[in-house]
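Engineer: one predicted model, sequence on top.
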Amino acid sequence: MSDAADPPDLLSRPLVPVASEEDAVDTCRAAFPRIAAVGGRPVVVHIIEKAGGAPDKASVEQRETVAEAAFDAVRDCAADHGLDVETKISYGRDVAGTIIEAADDIDASAIVFRPRGGSWLLDLLTGDVRDALVTESDRPVVVLPDADTEGGR
């Protein structure tokens, strides 16, 4: 017998980072059924990377428009699963560090994401973020499979 309270479920208050509208759809299709199954309340974050003194690749307004399109897709998917979802834009020079800070800010139960497929170059670039999340986060990191490939589909 234990007097300690049960630990919270990994998916009770997850932080779910998304990069674009397409990524939001794919990530939410993989994550939201699992989060809904445990009655979780996800917070979806989009990171706007700042160049740190160098010219940004696109204006902040353009990047915020991308974030809002991603959030629209998130809200549609959340409604399909009966989830109450929060959305948040965070700004920072280090994507992984900014995701970890956002998780701290909301006291996330875990950071939940789906790796992005693509070329070896894209994997090399995004792999740094993935690896940093796994090695630098002080909370669990849940890496989900692609919703379309689960169970041999």
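Structural biologist: Thanks, I have it.
Engineer: so which residue is smack in the middle of this structure?
Structural biologist: Pro17 (1.9 Å; C-alpha atoms, centre = their mean).
Engineer: tell me the spacing between that residue and Gly40.
Structural biologist: 16 Å (C-beta to C-beta, to the nearest Å). C-betas here are computed from N, CA, C, even on glycine.
Engineer: with Val85 instead?
Structural biologist: Counting by C-beta to C-beta, the gap from Val85 to Gly40 is 10 Å.
Engineer: same check, this time on Lys88
Structural biologist: According to C-beta to C-beta, Lys88 stands 16 Å off from Gly40.
Engineer: in terms of neighbours, single out the busier of the two.
Structural biologist: Using other C-beta atoms under 10 Å, the more surrounded residue of Lys88 and Gly40 is Gly40, with 24 against 16.
Engineer: which non-adjacent residue is nearest the more buried one?
Structural biologist: Leu11 (4.4 Å; C-beta to C-beta, 6 or more residues apart in numbering).
Engineer: neighbours of that neighbour, how many?
Structural biologist: Count around Leu11 with other C-beta under 10 Å applied: 23.
Engineer: that one: what secondary structure?
Structural biologist: With DSSP: H, G, I helix; E, B strand; the rest coil as the basis, Leu11 sits in coil.
Engineer: now the helices: where do they sit in the chain?
Structural biologist: Secondary structure of the chain, counting by DSSP state H: helices at 21-37, 60-80, 95-106, 120-136.
Engineer: can you tell me which of those helices is nearest to Leu144?
Structural biologist: Across those, Leu144 has its closest neighbour in helix 21-37 (4.4 Å, C-beta to C-beta).
Engineer: got the angle between the closest one and helix 60-80?
Structural biologist: 40 degrees (axes from the mean of the first three to the mean of the last three C-alpha atoms, to 10 degrees).
Engineer: any idea how far the residue nearest to Ala67 when sequence neighbours are not counted is from Leu10?
Structural biologist: The spatially closest residue to Ala67, leaving aside those adjacent along the chain, is His46, at 3.9 Å (C-beta to C-beta, 6+ apart). As judged by C-beta to C-beta, His46 and Leu10 stand 22 Å apart.
Engineer: so for those two, which sits in the more crowded spot?
Structural biologist: When neighbours are counted by other C-beta under 10 Å, His46 comes out ahead of the other of His46 and Leu10, with 24 against 19.
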